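*Asks:* Can you look at this prediction? I've put the sequence above it.
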Protein chains: 4
Amino acid sequence: MDGRDWSKFLLPYQQAVEELKIKLKSLRTELKARDEYAPIEFVTGRVKRISSILEKAKRLSVPIDQIETGIEDIAGIRIMCQFVEDIHRVADMIRIRKDLRLVYEKDYITNYKDSGYRSYHIIVEYPVQTSLGSMPVLAEIQIRTLAMNFWATIEHSLNYKYREQLPEHVRERLRKAAEAAFALDREMSSIRQEIVDAQQDFEEKSGI
Amino acid sequence: MDGRDWSKFLLPYQQAVEELKIKLKSLRTELKARDEYAPIEFVTGRVKRISSILEKAKRLSVPIDQIETGIEDIAGIRIMCQFVEDIHRVADMIRIRKDLRLVYEKDYITNYKDSGYRSYHIIVEYPVQTSLGSMPVLAEIQIRTLAMNFWATIEHSLNYKYREQLPEHVRERLRKAAEAAFALDREMSSIRQEIVDAQQDFEEKSGI
Amino acid sequence: MDGRDWSKFLLPYQQAVEELKIKLKSLRTELKARDEYAPIEFVTGRVKRISSILEKAKRLSVPIDQIETGIEDIAGIRIMCQFVEDIHRVADMIRIRKDLRLVYEKDYITNYKDSGYRSYHIIVEYPVQTSLGSMPVLAEIQIRTLAMNFWATIEHSLNYKYREQLPEHVRERLRKAAEAAFALDREMSSIRQEIVDAQQDFEEKSGI
Amino acid sequence: MDGRDWSKFLLPYQQAVEELKIKLKSLRTELKARDEYAPIEFVTGRVKRISSILEKAKRLSVPIDQIETGIEDIAGIRIMCQFVEDIHRVADMIRIRKDLRLVYEKDYITNYKDSGYRSYHIIVEYPVQTSLGSMPVLAEIQIRTLAMNFWATIEHSLNYKYREQLPEHVRERLRKAAEAAFALDREMSSIRQEIVDAQQDFEEKSGI
């Protein structure tokens, strides 16, 4: 239709998502096996559908032959954490990896979107080994708490239903829900701090 | 140690968990493929560890040779939903199944625990086909929203850390977090209702 | 095109294949865990493609609205064994299952096809639990040795390449390969017998 | 027992096996999706058990603190091919990879063992990314036909049963079985050649 073979186009991206999922899940397994706290709750991944890629290319005015560099989330990985504080630890663990190259980061935790969206994004370049040789692909790694993810899941299905034209009623409700998700994360962080303090108290008293 | 071969004891429960996970996940796949709303977000499962089974047997005074009937959650399945309203639809879909038998239900949504715990539990009897013949095992299916699950995950890891002896400080914080999770679910339900109303408005106006 | 929604048609068959694969694999896991000999080497499964179903329906003169009963291998399961003798043990383990109903059996081991094809087929009816209720589907379970499977895999890819029109040269070669596979199975069976005899000798001498 | 924490010792090897399995399986998926012949039939992997590692260390006189370099098959990957000719194509595809480093190769196809064992082994160094940083591990990749694998599977279970002390009777039978497996591979190769010749004939006649 437009000179590209789309069925084969997605192959390296599918491979990147499969490999990154396995690799990031193993971080959790490894830390659990070492009886250390694992800041990763679970990991999911997906490849963007061709129709969504073409829509996004049109919206961002990316020429069809520059999609590989112009659209960064064809391969998408999502890492869910229990506490907001975990997000930075996970980002650190990605930054030290030798099997990928950091391109740039977007901090939607500190600077959350008007809609209420919060998440930490890291764009990486990941080399996929194909039968024709090594091939670098871009991937977007999103790191967020369970509450942020919960909210984003629902926003996504609403946007899908309303085709990005959310009525003001719904938009307002979503903002309130985002605040409730925010409040939940804050409560959770305070519990986390309580635990850290409690442990320090204990260690000071026992003179460790 | 106590006359039972524990390594083989868990085999039918592991089988039940594997099969029920696959079966319940396929409900989601099926509904998505039919372009219908899927009330199931994701499904997880686990088999209780022998040490936890023995602890619980002691706590509940269940004799070792009656563990199969006295402890109902050796095989555990968890189904996560987006909205509180989805929980009842999922329960209905379990009640009509012909491959398991309902034993009883516990509604911790309406009657939530003091700790803040909310979830809907269905105890089922599921026949596992082994090389020695058919063998019924009990399994507990927990149905909850993402927010309920989020809270429960954290409560569980705190209880594990403090060995069920949560300090009052932490207990109080957990209750506040439960309220925040509750508020998030309420906001989400109101969005859901907004959508249903909006669709009805639309259909009335267009005379469908 | 012909009044049926093919994308949804395959759903219960996919579900049946997923469930039967998990269930039959667990037989192996179970026997291994009990330190017993497991007659199952590995299990695979596949759903026939729509195009192949339509071709077969045409070839067998099955009307489009009777495909569910007229074509028995839309859901296909394959169980691989080490020894020819294992095939009958696996068939027995399928016959005693309470979660499926035997329809009929075809013994292509004793009566192998002219092409050289050998395999044991069991047609079963398996009830799938969908969101709309219970629904029985037919499935074909093929049981064969690794050597039979090896030969069949290659015959299948040749038939696919030549569109069932194998030149006589190739057909003759395939028959010779089938004989070689047959010889391999015979050698393997003789090893198996050697082992059984050796164990009896040992037990007789030591007076067990 | 001997100053090493064995439960954590296997972690990077498990990770290497998981990642290499996913990566090598994707070669098959990729080639199939490109409608090219895939020389890989299936891929399996396993991590050696601690007891087997210690036995092998003793047998080869490898000191406990040099196991990582002295034993090369703690992480083991097996790639099964249809034709003997495929083995070399798969070896080539491994040699060009940028995500691992070749250590050395052992050609048990040309120089098969007295027992009848045939297989192509490639020892590689694969860098695993852990939470503590990058860590290179050795892995053994075995490439073999389905018939070679079939024979090796049975030899392995016999050796396990007889604890490497195979009686001469059984050893002789195994050698005969190896010849039968060899004959099967030869027949298969001749079919493969027949196909290549047939295609050339066709192309010459039609003047392509």
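*Replies:* Arrived safely, thanks for sending. Numbers count the residues shown, from 1 in each chain, chains lettered A, B, ... in the order given.
*Asks:* buried ones in the strand ranked longest in chain A?
*Replies:* The single longest strand within chain A, with elements called by DSSP state E, is strand A:133-145. Using 16 or more other C-beta atoms under 10 Å in any protein chain shown as the burial criterion, the residues of strand A:133-145 that qualify are A:135, A:137-145. No exception for glycine: its C-beta is placed from N, CA and C like everyone else's.
*Asks:* again, but for stretch A:78-88
*Replies:* Of the residues in stretch A:78-88, those scored as buried under the neighbour-count criterion (16+ other C-beta under 10 Å) are A:78-84, A:86-87.
*Asks:* And chain D, is it touching that?
*Replies:* No: Stretch A:78-88 stays clear of chain D (C-beta under 8 Å from any C-beta of the partner chain), getting no nearer than 12.9 Å.
*Asks:* For that stretch, which outside residues touch it?
*Replies:* A:24, A:39-45, A:90, A:109, A:120, A:141-146, A:149, A:185, A:188-189, A:192, B:150, B:153-154, B:157 (C-beta atoms under 8 Å, 6 or more residues apart in numbering or on different chains).
*Asks:* go again using 7 Å as the cut-off
*Replies:* A:24, A:39-45, A:90, A:109, A:120, A:141-146, A:149, A:185, A:188-189, A:192, B:153-154 (C-beta atoms under 7 Å, 6 or more residues apart in numbering or on different chains).
*Asks:* try stretch A:94-113
*Replies:* Taking C-beta under 7 Å, 6+ apart as the rule, stretch A:94-113 contacts A:84, A:87, A:117-126, A:138, A:141, D:127, D:129, D:133-134.
*Asks:* try stretch A:173-180
*Replies:* If you take C-beta under 7 Å, 6+ apart as the criterion, stretch A:173-180 is touched by A:115-116, A:151, A:155, A:158, B:180, B:183-184, B:187-188, B:190-191, B:194.
*Asks:* okay, those residues in TSV with neighbour count, pLDDT and distance to residue D:97 next?
*Replies:* Written out in TSV, the entries for these read as follows (neighbours: other C-beta atoms under 10 Å in any protein chain shown; pLDDT from 0 to 100; distance: C-beta to C-beta, whole Å):
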residue	neighbour count	pLDDT	distance to residue D:97
A:115	15	87	43
A:116	20	89	44
A:151	31	88	41
A:155	21	85	41
A:158	20	79	44
B:180	24	91	49
B:183	18	92	52
B:184	29	91	47
B:187	22	90	50
B:188	26	86	47
B:190	13	86	54
B:191	22	84	49
B:194	17	73	53
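*Asks:* Among those residues, which lie within helices?
*Replies:* Among the contacts of stretch A:173-180, DSSP state H puts A:151, A:155, A:158, B:180, B:183-184, B:187-188, B:190-191, B:194 in helices.
*Asks:* any idea which of these is the one closest to residue C:69?
*Replies:* Of all these, residue C:69 sits closest to residue A:158, with 43.3 Å by C-beta to C-beta.
*Asks:* May I ask you to confirm that residue A:151 is in contact with residue A:181?
*Replies:* Yes: in this structure residue A:151 lies within contact range of residue A:181 using C-beta atoms under 7 Å: 4.3 Å.
*Asks:* pLDDT added to the buried residues of stretch A:78-88, as a markdown table?
*Replies:* Putting these into a markdown table (pLDDT from 0 to 100) gives the following:
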| residue | pLDDT |
| --- | --- |
| A:78 | 97 |
| A:79 | 97 |
| A:80 | 94 |
| A:81 | 93 |
| A:82 | 87 |
| A:83 | 90 |
| A:84 | 94 |
| A:86 | 94 |
| A:87 | 97 |
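*Asks:* Go through these and flag which are in strands.
*Replies:* A:78-81.
*Asks:* Just the closest of those to residue C:14, please.
*Replies:* Distances from residue C:14 to these, taken by C-beta to C-beta, are shortest for residue A:78, at 25.6 Å.
*Asks:* Sounds good, over and out.
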